[in-house]
Every structure is written in C-alpha cells, then in structure tokens.
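S.K.: show me the folded form of this:
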Amino acid sequence: MASAAKRLIAGDLVAFPTETVYGLGADASNSAAVARIYSVKGRPNDHPLIVHIASMDRMGDWASEVPEYAIALAREFWPGPMTLVLKRSELAGDFVTGGQDTVGVRVPDHVVALALLEAFEKAGGKGVAAPSANRFGHVSPTTAAAVVEELADYLSKDDLVLDGGACAVGVESTIIDCTGLLPRVLRPGAISTAMIEEVTGLNAVSVDGADAIRVSGSLENHYAPAAKVLLCEVPLAGQGFIAHKNIKTPQGVIRLASPGNDEEFAQILYSALRDADAQGLLEVVVIQPIGIGIGVAIRDRLARAANGR
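M.R.: Below you'll find the predicted structure:
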C-alpha cells in the first residue's frame, strides 16, 4: 500500500474501495491533484468533496470546531458509513469545500481504504479527498471493474485502481451537518436518524433544499443509469425489473435483481442498474423498499435516479 500512498503524495489519483462505494482519491491538500478529480469526473467545481482520514484523531486537522455530539457520533460509528460536516480549518481549501466554510470528513470501514489512508499518513499526508469513482451524475461503482469501465478513458497511466472486492453497504454514507446545536441529516445512508438520535440524545432532522449545506449527491438528478428508471410501476415485457424476491416477475420482463431484504437491496442496487445499461435496456422498473433505516437511503437514490441524467 506504500506505493499507492506515494502516488497520492506525487499528485496522482487512486481509486479505492470503501464499505459504501468506490472513491476516486487525491491528496486533499493538493489543489492541482483535486482539480484532476473534478476533470476526470466532469464534476462542477462548487460541488464539495469528502475528506477521508485514517482515524477520528485527524478531525482536528480539517475542522476548526467539533461539537461534543459530533465526537460521540465519531466514537460510535467510525470507521463506518457516516460523514460529518464541520466548520473547516485553514487546511481545508476552497478547492475541497466548494467555497463553503464547512468540510465533510469520514473514516471509512474497509481494510484496503484504511491501509491506504494509514500509509498516506505515514508518508506525510493529512487526508484524501474522494467522491465516488464515476462520471458525475452517473451510477456509483461498487466494484473495481465498474470503476475501470467508466473511468479508463479519463485516468492517466500513473493513476491507480485498487481492487477490494464488492462494497458491503452499496450506497453512499450518511452525511450529517454538525455545525449547529442539533445534528441535521443532509443525505440519508446506512446510519439512520434513529441511530443518530440514540447516540446523541438529540433530535435529528432531515434537511434538503436551499437552506442546506451543499453536499455530494444532493442534486435532483443523480445516481442515474442511461436507462430510464421508473418507480413502482407494473413492469412490461422488455423492461428491466428490480424488486424484493417475494415479488414475482411478469412474463417477458428481465429480472435484474431479487434482494431478500433492504440491506441486500442497497448492496446490489447500483450493480443492477449498471447491468441494465450493459444489456442495452431502455427502461428499468424498480419496486422501492418501504422500510425505514437504509430503505430511506435507497428511496432517496432512486428518486434522484428517476430524474435521469
């Protein structure tokens, strides 16, 4: 992993697995390297990035203020699928924060990601800025093969793609605004509102709109395959179909995935949407899970995917 860390120090990009999705990483303190992330992804420059760190001990490098409830959340859920948005320090440049006075940080829960971050820290690095390793607005990758398929034409010969297998969670991290008196959920994920409230003893509210801090994956059009995503319709012959396994497949419909529960639904969702494109399907019908917890995150991603690219 030392060689991959050296690539980051040199200003190259390294795609790496996390428990959520694969990230496209660069030295978060190197403006030129971070600019390449935006170029490779085709990402708007005002769309902030999440800084990945090796442990919660590094929060103070990137944040100027860390409230007690944020510390409690970090102790409980890191390493894990949770991003904390905090008041930024001087180290967090505009090129990472999208010009905002806040920065998102997280400690991922994947052996490869943690090994990379620890090696990067030993080499003198402070943190790795990493959005999902795909073209902007497209379906996030949950395998190394998906990263290569989508970004091979945009990466340089010195960039790396680390293969850590399929992602265990499958949807992006919960993003929590920790800049106020109460935690605010800016993007749902595997860490639910109920889990946040249990740890903090505070009421957590979900925020989406003009008064929210800009964060990754918050646009109305996002996570979209080339195929049109249709929600909760009766599938017709020739259409792709994703639903819990207890829902039968009508005749002539192309079954893409049959998850047994909401956790499996999250794990296979993006790969199934990519499979629809690989098969050249024009439309995919998805019967959304109705559960709370990660079901909320799945419905959020599907609602944005249904708006198209």
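S.K.: where does P108 land in three-state SS?
M.R.: coil (DSSP: H, G, I helix; E, B strand; the rest coil).
S.K.: got the contact list for it?
M.R.: Residues in contact with P108 (Cβ atoms under 8 Å, 6 or more residues apart in numbering) are 18-20, 23, 52, 79-81, 114, 117. For every residue, glycine as well, the C-beta is placed using N, CA and C.
S.K.: the closest residue to F136 other than its chain neighbours: neighbouring residues, count only.
M.R.: Leaving aside its chain neighbours, F136 sits nearest to R43 (4.3 Å; criterion: Cβ to Cβ, 6 or more residues apart in numbering). Burial of R43 is recorded as 18 neighbouring residues (other Cβ atoms under 10 Å).
S.K.: can you give me the strands in the stretch 51-200 of the chain?
M.R.: For the stretch 51-200 of the chain, the strands defined by DSSP state E, counting those that start in this stretch occupy 63-65, 82-88, 102-106, 128-129, 160-161, 174-177, 184-187.
S.K.: could the ones you listed go into CSV alongside mean pLDDT?
M.R.: Listed next are the strands of the stretch 51-200 of the chain as CSV, based on pLDDT from 0 to 100:
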stretch, mean pLDDT
strand 63-65, 97
strand 82-88, 98
strand 102-106, 98
strand 128-129, 98
strand 160-161, 98
strand 174-177, 97
strand 184-187, 96
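S.K.: distance to A33 and mean neighbour count added to the ones you listed, as JSON lines?
M.R.: Output for the strands of the stretch 51-200 of the chain, formatted as JSON lines (distance: least, Cβ to Cβ, whole Å; neighbours: other Cβ atoms under 10 Å):
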{"stretch": "strand 63-65", "distance to A33": "21", "mean neighbour count": "18"}
{"stretch": "strand 82-88", "distance to A33": "18", "mean neighbour count": "25"}
{"stretch": "strand 102-106", "distance to A33": "17", "mean neighbour count": "27"}
{"stretch": "strand 128-129", "distance to A33": "8", "mean neighbour count": "28"}
{"stretch": "strand 160-161", "distance to A33": "13", "mean neighbour count": "18"}
{"stretch": "strand 174-177", "distance to A33": "23", "mean neighbour count": "26"}
{"stretch": "strand 184-187", "distance to A33": "25", "mean neighbour count": "22"}
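S.K.: CSV for these, including distance to D277?
M.R.: Listed next are these as CSV, based on distance: least, Cβ to Cβ, whole Å:
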stretch, distance to D277
strand 63-65, 39
strand 82-88, 28
strand 102-106, 29
strand 128-129, 28
strand 160-161, 20
strand 174-177, 27
strand 184-187, 24
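S.K.: low pLDDT regions in the stretch 151-300 of the chain?
M.R.: 209-211, 216-219 (pLDDT under 70).
S.K.: just the helices in it please.
M.R.: 193-200, 262-278, 294-305 (DSSP state H, counting those that start in this stretch).
S.K.: I'd assumed G180 was in contact with V85.
M.R.: No - look at V85 against G180 with Cβ atoms under 8 Å: they stay out of range, at 10.2 Å.
S.K.: distance of R88 relative to R255?
M.R.: Counting by Cβ to Cβ, to the nearest Å, the gap between R88 and R255 amounts to 46 Å.
S.K.: ditto for V107
M.R.: Taken as Cβ to Cβ, the span from V107 to R255 is 37 Å.
S.K.: what is the end-to-end distance of stretch 83-100?
M.R.: 16 Å (Cα to Cα, to the nearest Å).
S.K.: now do that stretch: distance to the chain's middle.
M.R.: Computed by Cα atoms, centre = their mean, to the nearest Å, the chain-centroid distance of stretch 83-100 equals 17 Å.
S.K.: show me what E283 is bridged to.
M.R.: Beta-bridge partners recorded for E283 (DSSP bridges): K228.
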